Every structure is written in structure tokens, then in C-alpha cells.
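A.B. asks: with the input below, show me the fold.
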Amino acid sequence: MGVVLNRPTLSSVRDILEPWADEAERLPPGLMFAGGPVSLNAVIGLARQDPDQATNPRGQRQDDSANVEERTRHNVRDSLHDDGETTDVPTGRWVLGQVATVDLSVPPGDQPLPLGGVRLFAGYAGWTSGQLEDELGEGAWYIVDAAVDDVFGANPDQLWHDVLRRQGGDLAVLAGYPPHPSVN
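C.D. replies: Coordinates of the predicted model:
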């Protein structure tokens with residue numbers, strides 16, 4: 001299961017899930033995102049923990065002087081068990097660094113972690129048993145490291161380009177391709 005990160009809709013969070021509008025607007029563009037073609041009436045929320053109150057998934061205060069990238073690696077390591085499973089937070093699951101899923105039925109002010117904004121996704125992407133593994137085996141996907149800003153970047157239309165560009169090599173070359181071959 002996953003969500004598409006770069007497809008904002010024209011719908012305001014305020015019009016769809018008003019209690020979460022202020023948190024969504026903290027992370028522009030503050031719109032609902034199309035998360036994928038499955039269960040379009042379902043909404044999935046990803047929250048960024050407030051960096052001013054950031055603790056790692058075990059509740060330890062982050063060293064404010066620490067490099068953000070190193071903190072993210074540290075938090076991902078801390079949130080993983082030896083078997084690779086992630087640690088649950090009371091109403092969600094750590095996904096990446098200071099990014100967690102949130103239970104949208106719990107009001108923002110009652111969340112167990114200090115929120116630094118949310119992004120809401122209508123629907124999700126899903127695969128049948130073994131389908132994703134088969135696609136990976138066929139080389140149909142590029143596997144790259146994720147960054148917190150990939151989830152919450154202010155310019156989602158540039159996400160594909162920005163992620164490929166930072167990879168270097170052949171993938172960085174793909175970042176310069178036009179969005180549609182007819183533009184070439």
C-alpha cells in the first residue's frame with residue numbers, strides 16, 4: 001500500500017475535512033491529494049512532527065544542533081525493529097524520520113505527537129499479492145532513498161524531477177525529460 005505524493009487536487013482540505021484544515025495549510029499547498037485509485041472515499045493522513053518539539057519514536061528529545069539528515073536516518077533506525085517492522089505511535093505508524101500516519105478521527109489537538117502539519121490523501125495505491133514484487137523483478141520501478149521533504153514539499157509538481165535529479169547518474173538525466181514525449 002502506498003500513496004501518490006505529487007497529485008494535489010483542486011479541493012481544499014477545509015471543504016473535505018475541516019478540522020484538519022489548519023494543519024494542512026501549514027504545509028502548502030494545503031489541498032487534498034489524490035493518493036491513488038483504490039478506495040477514493042477513504043482519506044489517509046501523513047503528519048510531520050513539529051520540528052520544534054521533535055522527539056524520536058522512543059520519546060527522546062532530538063538534539064537541535066544535530067544535522068537534520070542524520071536525525072532522519074537515526075529516527076528511521078529507531079522506528080524499525082530488528083525484523084524491519086516499524087514502531088506504532090498511539091494513533092498511527094512512523095513512516096520516515098519524523099513522518100507518521102495519523103488517525104484522522106482524533107482531532108489535531110488530541111494527537112499523541114506534536115504536529116508540524118499534515119498532508120491528506122484521498123485513496124491509495126495498492127497491489128494484489130505478489131504484484132509489486134513481480135513489477136520490481138521486471139525493473140518497472142526505480143528504488144531510491146526517500147526524504148521527508150518528498151512527502152511535504154511545497155511544489156509537488158516538481159517532485160518527480162527533484163527526486164530523480166538528486167540521484168545523479170542515469171536517473172538524473174531522466175529528470176530533464178519533458179513530461180510528455182510530444183513536447184520533445
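A.B. asks: tell me which element residue 14 is part of?
C.D. replies: Assignment of secondary structure by DSSP states H and E places residue 14 within helix 13-16.
A.B. asks: mind listing what's buried along stretch 41-55?
C.D. replies: For stretch 41-55, burial by neighbour count (16 or more other CB atoms under 10 Å) applies to 43-49, 54. All C-beta spots, glycine's among them, are computed from the backbone N, C-alpha and C.
A.B. asks: quick one: low-confidence ranges for this structure?
C.D. replies: Within the chain, the ranges that satisfy pLDDT under 70 run 54-91, 181-184.
A.B. asks: thinking again about what came up before, what does whichever helix or strand comes after the helix holding residue 14 rub up against?
C.D. replies: Using DSSP H and E, the helix or strand that follows helix 13-16 in sequence is helix 21-25. Here helix 21-25 makes contact (CB atoms under 8 Å, 6 or more residues apart in numbering) with 12-14, 30-31, 47, 108, 115, 117-120.
A.B. asks: any idea how far helix 21-25 is from the chain center?
C.D. replies: 16 Å (CA atoms, centre = their mean, to the nearest Å).
A.B. asks: name the strands paired with the longest strand along the chain and say parallel or antiparallel.
C.D. replies: Ordering each strand of the chain by length in residues (DSSP state E) puts strand 38-49 first. According to DSSP bridges, strand 38-49 forms sheet pairs with strand 99-102 (antiparallel), strand 115-124 (antiparallel).
A.B. asks: got the residue ranges for the helices in the protein?
C.D. replies: Using DSSP state H, the helices of the chain run over residues 13-16, 21-25, 68-79, 131-137, 148-152, 159-165, 169-174.
A.B. asks: export those to CSV and tack on distance to residue 4 and mean neighbour count?
C.D. replies: As requested, those are exported to CSV (distance: least, CB to CB, whole Å; neighbours: other CB atoms under 10 Å):
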stretch, distance to residue 4, mean neighbour count
helix 13-16, 17, 17
helix 21-25, 17, 19
helix 68-79, 21, 16
helix 131-137, 15, 11
helix 148-152, 11, 18
helix 159-165, 10, 17
helix 169-174, 18, 12
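A.B. asks: now those in JSON lines, with distance to residue 180?
C.D. replies: Supplementary listing: these in JSON lines, determined by distance: least, CB to CB, whole Å:
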{"stretch": "helix 13-16", "distance to residue 180": "29"}
{"stretch": "helix 21-25", "distance to residue 180": "30"}
{"stretch": "helix 68-79", "distance to residue 180": "33"}
{"stretch": "helix 131-137", "distance to residue 180": "23"}
{"stretch": "helix 148-152", "distance to residue 180": "23"}
{"stretch": "helix 159-165", "distance to residue 180": "13"}
{"stretch": "helix 169-174", "distance to residue 180": "14"}
